[in-house]
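Participant: Fold the following and give me the result.
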Amino acid sequence: MGRMTKRVLIVEDDANISQLLRLYLEKDGFSVEAAADGGAGLMAFRQNPPNLVLLDIMLPVMDGWTVCREIRAESKVPIIMLTAKGETYDKVSGLEMGADDYIVKPFEMKEVLARIHAVMRRYGHADAARRLAFDQLVIDMESYTLAVREKTVDTPPKELELLFHLASSPNRVFTRNQLLDEVWGFDYFGDSRTVDVHVKRLREKLEGVSDRWSLKTVWGVGYKFEALGE
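Facilitator: This is a model prediction of the structure:
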């Protein structure tokens, strides 16, 4: 059986960049649709949902942040943001908004393809049933839900992915850079605030739930999901 063609939606108002991306992606075996403004991009996404979105930040009609929020409200599809060098871009805010990666222009097409394949590989694992249960805590990555004391807790996708990743290897210590690479899947150039912010928010949700497990800081190293044996 042949491999199913993966679809990429490019939302980019620079026609030259959009065309270049299309050429390289199609050469790499992707099916491509392109939109030149945020409104058209959101409409294209809803009419024919892609497997991944390449999304420029500075767009006419509706900016990339708004498009990202709208898409993330209804889908977990991977989103890679495109930002011009020198544009104001708060990486923490962007990733918390639901983006999976970001690429700064001007970029090498080899880098874009590598990032796309890395993100898709991570999302490919979601095809398998993935559910972890600890005392009063259930992390279900098939339905993307977190249940604490049998009540569903509203949790952004990246927080849930981080918690699942830590809890999948109880008592193993992960450095911030490991977590950035394994959960976010790209080089973060030494900025570890993203991990710290996500751990802090998870702790606020999980504080005082059980004495059988906890999210621990290992000073000078990173974090671990500590679980006590039965």
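
Participant: tell me the contacts of Ala167?
Facilitator: Leu132, Phe134, Ile139, Trp213, Phe225, Ala227 (C-beta atoms under 8 Å, 6 or more residues apart in numbering). For the C-beta atoms, the positions are set from N, CA and C on the backbone; glycine is no exception.

Participant: same thing with Ser192?
Facilitator: Counting by C-beta under 8 Å, 6+ apart, Ser192 touches Arg176, Asn177, Leu180.

Participant: Among those, which one sits closest to Glu74?
Facilitator: Nearest to Glu74 out of the contacts of Ser192 is Leu180 (C-beta to C-beta; 26.6 Å).

Participant: Which of the contacts of Ser192 fall in helices?
Facilitator: Counting by DSSP state H, these place Arg176, Asn177 in helices.

Participant: from the contacts of Ser192, which single one is nearest Arg193?
Facilitator: Of the contacts of Ser192, the one sitting nearest to Arg193 (C-beta to C-beta) turns out to be Arg176, at 9.1 Å.

Participant: Contact partners for the closest one?
Facilitator: Ser192, Val195, Asp196, Gly222, Tyr223.

Participant: same deal with Met109?
Facilitator: Leu20, Leu21, Tyr24 are the contacts of Met109 under C-beta under 8 Å, 6+ apart.

Participant: Just give the number of residues close to the nearest residue to Thr66 once chain neighbours are set aside.
Facilitator: Closest residue to Thr66 apart from its sequence neighbours, by C-beta to C-beta, 6 or more residues apart in numbering: Gly38 at 6.3 Å. Counted with other C-beta atoms under 10 Å, the neighbours of Gly38 add up to 25.

Participant: My guess is Gly38 contacts Ile57. True?
Facilitator: No: between Gly38 and Ile57 there is no contact under C-beta atoms under 8 Å: 9.8 Å.

Participant: okay, and the common contacts of those two?
Facilitator: The contact lists of Gly38 and Ile57 share Asp63, Gly64, where a contact means C-beta under 8 Å, 6+ apart.
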